[in-house]
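**Q** this is a predicted model, with the sequence first.
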Amino acid sequence: MIPSFISNHLKDPSKAQYIDVNTRVGHTGYIDFIEESDFKNTNLIYGYDSYDRFFMSILFLKNGRKQIMTLFQRYQEDNLKFVTCAQTISGVVDVHRFDDRPLPDEYVQFFDLINNSKLYIEYMDWNEILVKNTYKMI
């Protein structure tokens, strides 16, 4: 089951497909093992890792290239603190606590991409060069 503080940000939580990852762990001991083959007829999966921490992953295209992004519960003892990993939308790994604080941009973009199936972001990089990225759910 998707925690309500996550599902409240989704237009249609029923689109998410549960996967059982059993005792699989990545080389860092976390959820860094999600692969394209884990997405069976869906672009949105969720589950609980071997430490019973919730995660949600999306499969999407960034400028035409397949990528996976995962939002996961950071600590077993704190079910409200989350972090993004892998190919993040903004390139920033952001830790956020799902309480009364507003969502950081990275999380807003994560849910916007899921809910709207596409996202277009322009920003100035560190060298003041305009970067244009198009994101699309597969």
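**A** Happy to help now that I have it. Residues are numbered from 1 along each chain as shown.
**Q** drop to CA atoms for contacts and neighbour counts, all remaining ones
**A** Fine.
**Q** leaving out chain neighbours, which residue sits closest to residue 71?
**A** Distances taken as CA to CA, 6 or more residues apart in numbering place residue 84 nearest to residue 71, at 4.4 Å, with adjacent residues excluded.
**Q** pull the CA atoms of the host helix or strand of that neighbour into CSV?
**A** Assessed by DSSP states H and E, residue 84 sits inside strand 78-86. The C-alpha coordinates for strand 78-86 follow below in CSV (Å, rounded to 0.1, in the frame of the first residue of the first chain):
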residue,chain,number,x,y,z
ASP,A,78,11.7,7.7,10.2
ASN,A,79,8.9,6.9,7.8
LEU,A,80,8.5,10.6,6.7
LYS,A,81,12.1,11.3,5.6
PHE,A,82,12.7,10.6,1.9
VAL,A,83,15.4,11.1,-0.7
THR,A,84,15.6,10.8,-4.5
CYS,A,85,18.3,8.8,-6.2
ALA,A,86,19.7,7.7,-9.5
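**Q** which strands and helices sit next to that strand?
**A** Helices and strands touching strand 78-86, by 3 or more CA pairs under 8 Å, 6 or more residues apart in numbering; DSSP states H and E, are strand 65-75, strand 95-97.
**Q** the last one: what's the following helix or strand?
**A** Next helix or strand after strand 95-97 toward the C-terminus (DSSP H and E): helix 105-116.
**Q** now the angle from that following helix to strand 78-86?
**A** Counting by axes from the mean of the first three to the mean of the last three CA atoms, to 10 degrees, helix 105-116 lies at 80 degrees to strand 78-86.
**Q** okay, buried residues for helix 105-116 please.
**A** By 16 or more other CA atoms under 10 Å, the buried positions in helix 105-116 come out as 106-107, 109-115.
**Q** what pLDDT, on average, does stretch 32-43 get?
**A** Stretch 32-43 carries an average pLDDT of 88.
**Q** and the helices and strands packed on strand 78-86: which comes nearest residue 133?
**A** Relative to residue 133, the nearest member of the helices and strands packed on strand 78-86 by CA to CA is strand 65-75, separated by 11.0 Å.
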